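Student: Provided below are the primary sequence and the corresponding predicted coordinates.
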Amino acid sequence: MASGDKRKRAPGVATKNEEIQPGPGPASRVGLVGGLVAAVAALLICASNPQNAAADTLEVGGSGYPTISAAVQAASPGDTVLIHAGTYREEVTIDKAITLDLFGDGDVWVDGQCLRNHAFWIWGTGATLRNIKVTNTIEAGVLFFADRPEQLQPSNITIDGMTIQDFDCRWTSEEPGSWGQYRAGIASWYGGPGMRLTNNLIQFRASGSPHGAADGIWFKSRDLTPSGGGHYIAGNTIIGGWDGIGGEEEGSAHGTFDRDTIVENNTIQECWDDGIQSEGGDQNVRIRNNDISGCGTGIAFAAPVTGPLYIEQNHIHDLSMGLYENLFCFKVGNDGGGTTYLTENVCDVDSSAEAAQGAGADGIHQTNEGLSPIVSRRNIFQVSAYVFILPEYPLPPGTSLDEDCVFTTDPERFIKWSGGVYYSSLAELQAVGQEANGRQTTDCSFLGTPTPLPSLTPPPRTTPGAAPSATAPARKTATSQPMASPNPDPDSANSNGGSSALTSPLAIGLEALAVLILLGLGFAGGVRWSRRGPRPPAP
């Protein structure tokens, strides 16, 4: 092994010509033992500080570990696991801050075979998964999970460049018990802060109908165990399922994303309900620069409990009616109390295809009694039904619409306003103090070209406050499904390294101490050692 090579070998794999040569002469052998003990003691002091531990690289497949799970078990915090090309049939549990990535010789698939709940189940903090492909899981493809307040919430996890498809593989529209948004591509079930989900392809079904009951990305947070927010969800392509990005608890001050979260530059297509659902705490949550098409609703915010919620420069177009006959750019309702700022969004749903679906597509549509304040500025609403349906009476203080460009292709519909009053022109709405500088037209050039919003810096990561748990959390649902033994493919992943290894700095140091003391005693006795066993004393 070359100098400076930090790769860990699987147990039992030796380098060529690995042999310990004879020690020094008799005069120094006794002193050597003491010196070895002192050296290892110093090593232990250094190794007890994780910041001083050098990161290692472990390999899976080839001459490395036979399964991802075996390598993860052997890894220490800070290590990197590189995975050779192949299909690995296992569920991997991660409870430490390690990185999993490709070795670089081809695609890596983790296949649940519709026999295992998840491909990756993460209940530690600081893990990173990159470029791996996941398919055929019973529930979420990747799960962050803590189900009790006393558990350490999984936090500061990065999922980047992955492909996650065919999750919720047993779902059927005919069986209500099989429905669950939490069986998502990526799901955070009472997870902690700092989740970074970037540049992933998440597809409910690789073939067939795209519609289903699971979200692409799903967060669950609540007042009892708030996530702490600080999430960054960006650059993902999400196709099919229920909501593209969504979550629970909708009525909680810390629900869904909780707070300080950025959702930007995602492409969301063909979901059955909401492209993005941001209903919960929504304190300083920003939804920006997303492209949403083929869903029933573009963005749902019914309603932010805390706020403020910022929805900026999203493009919503070519919608397709949802399961509940929803067909509108923005869904509002419920009295959450937080203010939502709609700025420079494009709601382009005036096509003949959208007009032919039910009564056509609306701009802003109130679906539930109660309403939180909305401030709308410089948005484009080109619709095929109502521009606004806001029948709440009275409208909540702080509601203000202005400088919007609005138009409908339906001559019988335009605006349904507070108290169910119908307005057939923008001038009538202006008479009650709204849209003073708005225009009813298809020519929205008066708004100018919006200044593109630069991508935001991900929020700083924080440490969750819950106490650590000594054991892995219980699974949220019991399963009677058979758990197949991990079985990587191709078969070239040999069996070397299947056993677990002691990997903590203390354990490594103790093993080294024992070995070196034995070596020292051997030297003192004049014994030469090799990996082939002891030789008789030299004459």
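Tutor: On my side now, so go ahead.
Student: please pull out the lowest mean pLDDT helix or strand from this protein.
Tutor: Of all helical and strand segments in the chain, the minimum by mean pLDDT, DSSP states H and E falls on strand 487-489, at a mean of 39.
Student: who's the most centrally placed residue in the chain bridged to?
Tutor: Nearest residue to the geometric centre of the chain (C-alpha atoms, centre = their mean): Leu197, 4.3 Å. Here Leu197 sits in beta bridges with Ile159, Ile233, going by DSSP bridges.
Student: same question, Leu102
Tutor: Ile83.
Student: just for this protein, where's the confidence low?
Tutor: Along the chain, segments meeting pLDDT under 70 span 1-53, 148-150, 176, 463-539.
Student: quick one on the thing from earlier: wait, the residue nearest to the centre of the chain touches Ile159, no?
Tutor: Yes. The pair Leu197 / Ile159 is scored as a contact, 5.0 Å apart, by C-beta atoms under 8 Å. Every C-beta, even on glycine, is put in place using the N, C-alpha and C of the backbone.
Student: joint contacts of these two?
Tutor: Between them, Leu197 and Ile159 share these contacting residues under C-beta atoms under 8 Å, 6 or more residues apart in numbering: Ile186.
Student: run a quick neighbour tally on Ala206.
Tutor: 13 (other C-beta atoms under 10 Å).
Student: which one is it nearest to, not counting chain neighbours?
Tutor: Spatial nearest neighbour of Ala206, excluding adjacent residues (C-beta to C-beta, 6 or more residues apart in numbering): Gln165 at 4.8 Å.
Student: check contacts around that neighbour.
Tutor: Counting by C-beta under 8 Å, 6+ apart, Gln165 has contacts Lys133, Val134, Thr135, Gly141, Gly185, Leu201, Ile202, Gln203, Phe204, Arg205, Ala206.
Student: Serialize those to a markdown table and add fields for distance to Val81 and secondary structure.
Tutor: Listed next are the contacts of Gln165 as a markdown table, based on distance: C-beta to C-beta, whole Å; DSSP: H, G, I helix; E, B strand; the rest coil:
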| residue | distance to Val81 | secondary structure |
| --- | --- | --- |
| Lys133 | 16 | strand |
| Val134 | 16 | strand |
| Thr135 | 20 | strand |
| Gly141 | 18 | coil |
| Gly185 | 22 | coil |
| Leu201 | 22 | strand |
| Ile202 | 22 | strand |
| Gln203 | 25 | strand |
| Phe204 | 28 | coil |
| Arg205 | 29 | coil |
| Ala206 | 26 | coil |
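Student: pick the one among those residues closest to Ile299.
Tutor: Closest approach to Ile299 among these (C-beta to C-beta): Ile202, at 17.8 Å.
Student: tell me the secondary structure at Phe407.
Tutor: The three-state label for Phe407, taken from DSSP: H, G, I helix; E, B strand; the rest coil, comes out as strand.
Student: wait, doesn't it sit right on Ala385?
Tutor: No. With contacts defined as C-beta under 8 Å, Phe407 does not count as touching Ala385, sitting 11.7 Å away.
Student: who has more neighbours, those two?
Tutor: The neighbour comparison of Phe407 against Ala385 (other C-beta under 10 Å) goes to Ala385, with 25 against 19.
Student: the residue lying closest to Cys444 once chain neighbours are set aside and Ser293: what is the separation?
Tutor: Distances taken as C-beta to C-beta, 6+ apart put Cys405 closest to Cys444, at 3.7 Å, once the chain neighbours are dropped. Distance, Cys405 to Ser293, using C-beta to C-beta, to the nearest Å: 20 Å.
Student: over to Ser320?
Tutor: Using C-beta to C-beta, Ser320 is found at 8 Å from Ser293.
Student: joint contacts of these two?
Tutor: With C-beta under 8 Å, 6+ apart as the test, Ser320 and Ser293 both reach Glu270.
Student: for the residue nearest to Cys444, what are its contacts?
Tutor: For Cys405, the contact set (C-beta under 8 Å, 6+ apart) comprises Asn379, Ile380, Phe381, Gln382, Gly438, Arg439, Thr441, Asp443, Cys444, Phe446, Leu447.
Student: surely the fourth one is in contact with Thr442?
Tutor: Pointing back at Gln382 there. Yes. Counting by C-beta under 8 Å, Gln382 does reach Thr442; the two are 6.6 Å apart.
Student: the residue nearest to Val305 when sequence neighbours are not counted in helix, strand or coil?
Tutor: Excluding its sequence neighbours, the residue lying closest to Val305 (C-beta to C-beta, 6+ apart) is Gly336, at 4.4 Å. Here Gly336 is recorded as coil under three-state DSSP.
Student: can you get me a residue count around Gly336?
Tutor: Close neighbours of Gly336, defined as other C-beta under 10 Å, add up to 29.
Student: distance-wise, check it relative to Lys220.
Tutor: In terms of C-beta to C-beta, Gly336 sits 18 Å off from Lys220.
Student: do His231 as well
Tutor: Note on His231: its distance to Lys220, by C-beta to C-beta, is 13 Å.
Student: between those two, which one's more packed in?
Tutor: His231 (30 against 24).
Student: give me every residue that touches that one.
Tutor: Here His231 is in contact with Pro193, Gly194, Met195, Arg196, Leu197, Phe219, Phe257, Thr261, Ile262, Pro459 (criterion: C-beta under 8 Å, 6+ apart).
Student: buried set for stretch 206-216?
Tutor: Within stretch 206-216, the residues that count as buried by 16 or more other C-beta atoms under 10 Å are Pro210, His211, Gly212, Ala213, Ala214, Asp215, Gly216.
Student: next one: stretch 169-182
Tutor: Neighbour count says stretch 169-182 has Cys169, Trp171, Ser178, Gly180, Gln181, Tyr182 buried, by 16+ other C-beta under 10 Å.
Student: which of the residues you listed fall in helices?
Tutor: If you go by DSSP state H, these have nothing in helices.
Student: quick one: which of these is nearest Asp362?
Tutor: Nearest to Asp362 among the buried residues of stretch 169-182 is Gln181, at 23.7 Å by C-beta to C-beta.
Student: got the contact list for the closest residue to that closest one other than its chain neighbours?
Tutor: Sequence neighbours aside, Asp215 is the residue nearest to Gln181 in space, at 4.6 Å (criterion: C-beta to C-beta, 6+ apart). Each residue near Asp215 by C-beta under 8 Å, 6+ apart is listed here: Gln181, Tyr182, Ala184, Gly185, Ala187, Gly241, Trp242, Asp243, Gly244, Ile245, Gly246, Gly247.
Student: in a helix, Leu143, correct?
Tutor: No. Using three-state DSSP, the assignment for Leu143 is strand, not a helix.
Student: burial of it, as a residue count?
Tutor: Neighbour tally, Leu143, other C-beta under 10 Å: 28.
Student: the one 4 residues further on now?
Tutor: The criterion is other C-beta under 10 Å. On that basis, Asp147 has 13 neighbouring residues.
Student: against Asp258, how distant is it?
Tutor: 17 Å.
Student: show me where the protein has helices.
Tutor: Counting by DSSP H, the helices of the chain are 26-47, 68-74, 352-355, 426-430, 505-524.
Student: what residues sit buried inside the fourth one?
Tutor: Residues of helix 426-430 classed as buried under the neighbour-count rule (16+ other C-beta under 10 Å) are Leu426, Leu429, Gln430.
Student: picking that back up, from what I see, the residue nearest to Val305 and Leu309 are in contact.
Tutor: No. The pair Gly336 / Leu309 is not scored as a contact, 9.3 Å apart, by C-beta under 8 Å.
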